[in-house]
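> the following block contains a protein sequence and its predicted model.
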Amino acid sequence: QLSTNFYSSSCPSALSIIQGAISSAISSEPRMGASLLRLHFHDCFVNGCDASVLLDDTSNFKGEKTAGPNSNSLRGYEVIDSIKTQLEKQCPGVVSCADILAVAARDSVVALGGTRWNVPLGRRDATTASFDAAESNLPSPFLDLAALISAFSNKGFTAQEMVVLSGGHTIGQARCLTFRTRLYDNTESIDSAFASSLKQNCPSSGGDDNLSPLDESAGTFDNTYFKNLVGKKGVLHSDQQLFGNGSTDSIVNSYSLDSGKFFTDFGKAMTKMGNLSPLTGSNGEIRTNCRKINGS
Ligand code: HEM
């Protein structure tokens, strides 16, 4: 059972240490806020929010960092390491890496102008990671609506929650290779002027790692993402699937018109995501180094 005051006597400065580190990381690089939000998502969708995503490969298991959706893509590990180092000085062996990820995601969204949600605490850290689960549980940007709904329903989320969580793409960047087919395949639903502008930095071959913002205000957490979907200006195929297929159109429409509703629903869904199968009690451990199991 997680609780918001979990560290209030064991490490009273934990939350302010994390918040301070996040605001300085984001002031030197705003994109880091997006990267940290995504890191928490990719942790929670793979065997729960247990910081398994942070473990380096070992001789006993292949970690999640090299799985398709993460490799050459996830960022922010150094920011988490630096927070962990500060917390180990202040309160050794107390604050889990999984809780750091959950608070860092929330504080990132707040720092970029978004909403604040409750983060119940007390998660413990996994002593193993799963490359295979990372390969199969994380949604691909090439999925159609039905497959997106099913990937989230496998984790207990409704279609509405899948749509609101996709609003995380109001911040951050994507590599050309994640949306190229959408630009050069004539069957895609995409605004033609928007496609032309993306093509400038994403040629039909080469430039795989060239970045484009996921929405034009990618440094600000707002509801522009949903307005873009209504205008057929989603960057990823999976983004645009949320509008134009019928069943989720009204949800996208409502978030495009009402950022307050987007913020409230996003916060609720993030709290729910943060509660996915946490390790508690005597399960797992409090890692001293987020990249390694204790004693290894
Ligand atoms: C609905 C299914 C989803 C798919 C298919 C998906 C896919 C992707 C892809 C392909 C990228 C670009 C990665 C790269 O270029 O290397 C990306 C970036 C990102 N995703 Fe998602 N994502 C999904 C849901 C989410 C959710 C639920 C969140 C958080 C609530 C999220 C947050 C982000 C953020 C913030 C970025 C930008 C990261 C950065 O700039 O470092 N995504 N996503």
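Done, it's in.

> next up, the contacts around Thr220.
By Cβ atoms under 8 Å, 6 or more residues apart in numbering, Thr220 lies in contact with Leu112, Gly113, Thr170, Ile171. C-betas here are computed from N, CA, C, even on glycine.

> one more pass at 6 Å, please.
Leu112, Gly113 (Cβ atoms under 6 Å, 6 or more residues apart in numbering).

> shouldn't it be within a strand?
No - counting by DSSP: H, G, I helix; E, B strand; the rest coil, Thr220 is not part of a strand but coil.

> residues contacting Ile251?
Neighbours of Ile251 in contact, by Cβ under 6 Å, 6+ apart: Gln160, Val163.

> report the rounded mean pLDDT for the host helix or strand of it.
Secondary structure assignment for Ile251, by DSSP states H and E: helix 249-257. What helix 249-257 shows for mean pLDDT is 98.

> do it and the ligand meet at all?
No - Helix 249-257 does not reach the ligand (Cβ under 6 Å from any ligand atom); its nearest approach is 12.7 Å.

> got the buried residues for that helix?
For helix 249-257, the neighbour count (16 or more other Cβ atoms under 10 Å) marks Ile251, Val252, Ser254, Tyr255, Ser256 as buried.

> equivalent analysis for stretch 138-153, please.
Residues of stretch 138-153 classed as buried: Leu138, Pro139, Pro141, Leu143, Leu145, Leu148, Ile149, Ala151, Phe152 (neighbour count, 16+ other Cβ under 10 Å).

> so the second one versus the ligand, what's the distance?
Spelled out, that is Pro139. Remark: distance between Pro139 and the ligand (Cβ to the nearest ligand atom, to the nearest Å) = 4 Å.

> Three-state assignment for the residue nearest in space to the middle of the chain, please.
Centrality entry for the chain: nearest residue to the mean C-alpha point is Arg38, 1.9 Å, by Cα atoms, centre = their mean. Here Arg38 is recorded as helix under three-state DSSP.

> Asp57 now?
Going by three-state DSSP: Asp57 is coil.

> excluding its backbone neighbours, what's nearest Asn154?
Asn137 (7.3 Å; Cβ to Cβ, 6 or more residues apart in numbering).

> just to revisit the earlier point, and the buried residues of helix 249-257, which is closest to Ser204?
Looking at these and their distance to Ser204, the nearest is Val252, at 28.9 Å (Cβ to Cβ).

> mind listing what the closest one touches?
By Cβ under 6 Å, 6+ apart, the contact set of Val252 is Phe226, Leu229, Leu242, Phe243.

> assess the claim that the residue nearest to Asn154 and Gly48 are in contact.
No - the pair Asn137 / Gly48 is not scored as a contact, 10.5 Å apart, by Cβ atoms under 6 Å.

> helices of the stretch 101-250 of the chain, start to end?
131-137, 145-153, 159-166, 180-184, 192-199, 224-230, 237-240, 249-257 (DSSP state H, counting those that start in this stretch).

> same for the fourth one, what does it pack against?
With contacts defined as 3 or more Cβ pairs under 6 Å, 6 or more residues apart in numbering; DSSP states H and E, helix 180-184 has these neighbours: helix 192-199.
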